[in-house]
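*Asks:* I'd like to go over a predicted model; first the sequence, then the structure.
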Amino acid sequence: MKTLVFVVLLLSTVALQADDSTASKITLHTYLEQNEVPQNREVVYHVELSWEGDLQRYHIAQVSTPVLTNLTLRGSGSANRFFTDEQGKPHSLKRISYYLTPIEMGMAYIDGITVQYEDTKTQQKESLSAQRLGVKIIEGVPEPGAGISAGTILLYILLLLFIAVIVYSLWKYFKIRRAEQEETEPEISLEDNFMDELSTLKKENGNDTADGFHKLMQLVRRYFSEKFQLNPAAGFNEIKVKLEENNSTADLLQKMDRLYEQAELSQFAGEAISESDFHLFTDTVELLLRTGKDY
């Protein structure tokens, strides 16, 4: 009987030792890559779960999202690693990395997360919690390429000066070229323009003296209007004053008086004009235009 009791106790002890050998042994470790992070850089927060055995030994059921202060979550990633130690024992490591963006300078905090896992051998479910970690957010650092060296600034200045010299040279060249063109191209006077009109009138109205004389008077009145700023309907007395002020000859004044007199006879008395008189009046207007260049 005593022998039987001893055997039962011995088997119970072995069973307990077997259960202890399969007990869950998983370690949670959290850390930051840097304790001080510039405002324009990222805070990297790592969560590591490690255990002895292969990767399938534990099933990570859930990892809570970290509660953040003065940080925002940009993204996350995970990685697994399996290795053997110096004694040849297998080890597994699962890492979850969180990439966090600072909001403003000052202290930022990551509240402890909770990891729920299951031992695939014992079907035992457990959870682990991490402590709160703090990180100091400092002033941002210059971005790569943001700073401009003194040599680069000097290069830009020389480039701008080079462009300025080219622009000034082109402006000077075209200014001189334009001045030369203005010197070589004679200015067309008012009298030259009306002389061209008079030549055209002679060609187009060589035989039709009535219509030609009407057009001739229109040309004369427009000329005095532009030359002396007179009303196109101004009479010869007003025109005579302007001609005398500009030292017109008595012969021209007499011929112009005869021209205006004939215009009144044609308009109000319907007097016809002969071809010889028409040519005489066109010659008078041509004399007027030639002498008009002098005043």
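*Replies:* Structure's in. What do you need?

*Asks:* can you give me the end-to-end span of stretch 97-109?
*Replies:* Length of stretch 97-109, first residue to last, C-alpha to C-alpha, to the nearest Å: 16 Å.

*Asks:* longest helix of the protein, counting residues only.
*Replies:* Longest helix in the chain by number of residues (criterion: DSSP state H): helix 150-184.

*Asks:* okay, and the beta partners of residue 51?
*Replies:* Here residue 51 sits in beta bridges with residue 26, residue 92, as judged by DSSP bridges.

*Asks:* how about the contacts made by it?
*Replies:* Neighbouring residues of residue 51 by C-beta atoms under 8 Å, 6 or more residues apart in numbering: 25-27, 57-58, 91-92. (C-beta placed from N, C-alpha, C; glycine too.)

*Asks:* next one: residue 294
*Replies:* Contacts of residue 294 by C-beta under 8 Å, 6+ apart are residue 246.

*Asks:* so when I look at it, I'm seeing a strand, right?
*Replies:* No - counting by DSSP: H, G, I helix; E, B strand; the rest coil, residue 294 is not found in a strand; it is coil.

*Asks:* re earlier: pLDDT on the longest helix of the chain, on average?
*Replies:* Helix 150-184 shows a mean pLDDT of 86.

*Asks:* can you check stretch 196-216 too?
*Replies:* pLDDT averaged over stretch 196-216 gives 84.

*Asks:* from the chain's centroid, how far away is it?
*Replies:* Chain-centre distance of stretch 196-216: 62 Å, with C-alpha atoms, centre = their mean, to the nearest Å.

*Asks:* next one: stretch 39-57
*Replies:* 45 Å.

*Asks:* end to end, how far does that stretch reach?
*Replies:* OK, stretch 39-57 end separation, C-alpha to C-alpha: 40 Å.

*Asks:* likewise for stretch 177-196?
*Replies:* 29 Å.

*Asks:* circling back to that earlier point, mind putting the contacts of residue 51 into CSV with distance to residue 104?
*Replies:* Shown next, in CSV, are the contacts of residue 51 (distance: C-beta to C-beta, whole Å):
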residue, distance to residue 104
25, 42
26, 37
27, 35
57, 43
58, 39
91, 41
92, 39
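
*Asks:* what element comes up after the longest helix of the chain heading to the C-terminus?
*Replies:* Remark: after helix 150-184, the chain's next helix or strand is helix 190-204, criterion DSSP states H and E.

*Asks:* what's that next one packed up against?
*Replies:* In terms of contacts (3 or more C-beta pairs under 8 Å, 6 or more residues apart in numbering; DSSP states H and E), helix 190-204 is packed against helix 209-228, helix 275-292.

*Asks:* among the ones you listed, which is nearest residue 164?
*Replies:* Residue 164 lies closest to helix 209-228 among the helices and strands packed on helix 190-204, at 45.3 Å (C-beta to C-beta).

*Asks:* ok so, going back, can I have the buried ones of the contacts of residue 51 as a ChimeraX selection?
*Replies:* Here is the ChimeraX selection string for the buried members of the contacts of residue 51, based on 16 or more other C-beta atoms under 10 Å:
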select :26,57,58,92
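
*Asks:* tell me how far the closest residue to residue 56 other than its chain neighbours lies from residue 213.
*Replies:* Closest residue to residue 56 apart from its sequence neighbours, by C-beta to C-beta, 6 or more residues apart in numbering: residue 120 at 6.2 Å. Here residue 120 is placed at a distance of 124 Å from residue 213 (C-beta to C-beta, to the nearest Å).

*Asks:* okay, these two: which has more neighbours?
*Replies:* For residue 120 versus residue 213, the count of surrounding residues by other C-beta atoms under 10 Å is larger for residue 213: 22 against 13.

*Asks:* that one against residue 266, yeah?
*Replies:* Yes - look at residue 213 against residue 266 with C-beta atoms under 8 Å: they come within range, at 6.3 Å.

*Asks:* common neighbours of those two, please.
*Replies:* With C-beta under 8 Å, 6+ apart, residue 213 and residue 266 have common neighbours residue 273.

*Asks:* what about the stretch 1-150 of the chain, any weak spots by pLDDT?
*Replies:* Under the criterion pLDDT under 70, the flagged ranges of the stretch 1-150 of the chain are 1-24, 145-149.

*Asks:* mind doing that once more with 50?
*Replies:* 1-23 (pLDDT under 50).

*Asks:* what ranges does it have for its helices?
*Replies:* Ranges of helices in the stretch 1-150 of the chain, per DSSP state H, counting those that start in this stretch, are 2-21, 150-184.
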